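# no FASTA, just this:
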DNA sequence: ATTTTATGATACTTAATAGCTATCAATAAT
DNA sequence: ATTATTGATAGCTATTAAGTATCATAAAAT
């Protein structure tokens, strides 16, 4: 039995006329007669009573007709849902966003483990500022983002990863600061190197707040749009900066001094963000395993 | 899409191995690959992720697999029920039993009307004694019987058609009986013509009861097994008989006298009997219309 | 009663396609 | 680096669905 048989049966059951039914199927009458006969033979059931002038459904045929309707409806629904799942869950790709200011030593490790579980997954990493990531996540251009709070979006789920205090970064000079006051005096007139305001407005505000607490207004001479440039410019002696503490280990080999701001109660929250409606199975695995590490 | 595609899909989903799946389907691997590709193209959905070494279901594929299971189960159930209905309801024939002693002038009329509603029905009429009909009905050899109560069978449904009083049948002689006493005197020594006891035991008992009430014991000289023979023998002057009144009109043209036994409170009940489990649509129509006439 | 028309079945031919063989490219194990 | 295994591809064969022509017969028309 093939779906063709069921389809042809339905046509004859509706028309109760082989020639008309055949026309409605855009085939000629003899093959239709044959397919119906085949179906009846396979079932061992007479579905139609017919002579040259009249075609009627048997009782069994009547039942089978309604039954075939149900099956077709179910098949159609199944196809639709399958297509929906395909669109929602089976990109075969996991698009991950991250900000340059977050150092993630175990990301590579997790991507490796991901390929064990999803051997066909393609992963794409995008370094993007928080605000761009939020847009991209909302539009489905990213599956998950590693970024800094706050995330103001009711379309996204947010999970805290950790809280990151700040540190002052200055060129390595063997200098020692006994207290916050000495440090503030040292840097207050130095040129500051930082992200530009459009790139990371919230982050920019934090910097200004920290300097305010240290008793001065920063002179932001160089604005850049990624953390690597900031660090390089500081190392080259063009100025100082204030960055999240977690970056310290990433640049431990550079000629820089990092001074933690222990007494300044300002920090940033690093989070995972993703669309709740995103069915991507690799995403689910990623969230679960990133968190538990 | 054909059922073949779904069947092949299921095989690959179970084996997660094209060559093994092909072997399990007793086909070679290339056509299997092609059918799966066709299915994926029609759905617009990737069902498997695969390379030369590994085959896994996508999320959409996982859903589709369970969904196809359901559809197959439903199709199988539908086929079974259709076959059952075929066996129970679609004989395309209506087998009617009747006793020779019941005259049914509108039976022919009803059979004609039946053919309007069921143009393909084949009707078979069987003249059989009540006890044989009961057996045949129970065994499904008859669909419906027109017979005389009592019907002692818990497998059969019984519907009363009418109550039939008795009459005495004698050769036409212009004789007149002013009362039951005269009649009894006239027939008590005559030879009786009647059904044999094995053929219609209950009916036989009724005859004896009537004679008892008339004050004599019948001398049953001729035993026969159909009502036509009884009537013919009476007409030929071989004896007398006692028969149901309803037969009077059937033999009105013969040289016979019919004397109603108005004062004898013995009659027989004519009934329709049929199996309740019989789904024959023509039977249902027959019962309904026979009754309402 | 006879003729005409319409219809499903049948016999045979053509066209589409499922399935087969041979082979390739790529992966993973040795 | 080599070998074995596997799904994909190309081209051919065999099966079968679909088409054409025709028949037999039931119902309608005459």
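In hand now; what should we look at? From a predicted model like this one, the values you see are computed outputs, not experimental measurements.
# ok, which stretches of the stretch 1-150 of chain A are strands?
A:48-50, A:55-57, A:93-98, A:122-127, A:144-148 (DSSP state E, counting those that start in this stretch).
# pick the most deeply packed of these.
strand A:144-148 (a mean of 25; mean count of other Cβ atoms under 10 Å in any protein chain shown). C-beta coordinates here come from the backbone N, C-alpha and C atoms, glycine included.
# confidence score at the residue in the stretch 151-293 of chain A positioned nearest to DNA strand C?
Relative to DNA strand C, the nearest point of the stretch 151-293 of chain A is residue A:282 (16.9 Å; Cβ to the nearest atom of the strand). Residue A:282 is assigned 87 on the pLDDT scale.
# any low-confidence regions in chain A?
A:173-174, A:293 (pLDDT under 70).
# and it, what are its domains?
Following automatic domain parsing, one gets these domains for chain A: A:3-89, A:93-160+A:269-291, A:163-267.
# before we move on, the earlier item: including distance to DNA strand D, could the strands of the stretch 1-150 of chain A go into JSON lines?
Formatted as JSON lines, these follow (distance: least, Cβ to the nearest atom of the strand, whole Å):
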{"stretch": "strand A:48-50", "distance to DNA strand D": "10"}
{"stretch": "strand A:55-57", "distance to DNA strand D": "11"}
{"stretch": "strand A:93-98", "distance to DNA strand D": "19"}
{"stretch": "strand A:122-127", "distance to DNA strand D": "17"}
{"stretch": "strand A:144-148", "distance to DNA strand D": "29"}
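# among those, which is nearest chain B?
Nearest to chain B among these is strand A:48-50 (3.8 Å), distances taken as Cβ to the nearest Cβ.
# and that closest one, what does it pack against?
strand A:55-57 (3 or more Cβ pairs under 8 Å, 6 or more residues apart in numbering or on different chains; DSSP states H and E).
# name the strands paired with the strand it packs on and say parallel or antiparallel.
Using DSSP bridges, the strands paired with strand A:55-57 in its sheet are strand A:48-50 (antiparallel).
# on that earlier part again, among the strands of the stretch 1-150 of chain A, which is nearest residue B:228?
strand A:48-50 (35.8 Å; Cβ to Cβ).
# pull the residues that contact the closest one.
A:12-13, A:18, A:36, A:40, A:55-58, A:61, B:92, B:119-120 (Cβ atoms under 8 Å, 6 or more residues apart in numbering or on different chains).
# redo that, cut-off 10 Å
Strand A:48-50 has contacts (Cβ atoms under 10 Å, 6 or more residues apart in numbering or on different chains) with A:9, A:12-13, A:16-18, A:33, A:36-37, A:40, A:54-58, A:60-61, B:90, B:92, B:118-121.
# what about it, distance to the chain center?
Chain-centre distance of strand A:48-50: 58 Å, with Cα atoms, centre = their mean, to the nearest Å.
# likewise stretch A:110-121?
Counting by Cα atoms, centre = their mean, stretch A:110-121 comes out at 16 Å from the chain centroid.
# got it, and stretch A:10-24?
Worked out by Cα atoms, centre = their mean, stretch A:10-24 lies 50 Å from the chain centre.
# could you list every residue that touches the residue nearest to residue A:10 when sequence neighbours are not counted?
Leaving aside its chain neighbours, residue A:10 sits nearest to residue A:68 (5.8 Å; criterion: Cβ to Cβ, 6 or more residues apart in numbering or on different chains). Each residue near residue A:68 by Cβ under 10 Å, 6+ apart is listed here: A:3, A:5, A:6, A:7, A:9, A:10, A:13, B:75, B:78, B:82.
# take these and write them to CSV, including distance to residue A:287 and neighbour count.
As requested, these are arranged in CSV below (distance: Cβ to Cβ, whole Å; neighbours: other Cβ atoms under 10 Å in any protein chain shown):
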residue, distance to residue A:287, neighbour count
A:3, 40, 17
A:5, 47, 19
A:6, 44, 23
A:7, 45, 13
A:9, 49, 25
A:10, 47, 17
A:13, 51, 21
B:75, 40, 20
B:78, 43, 19
B:82, 49, 25
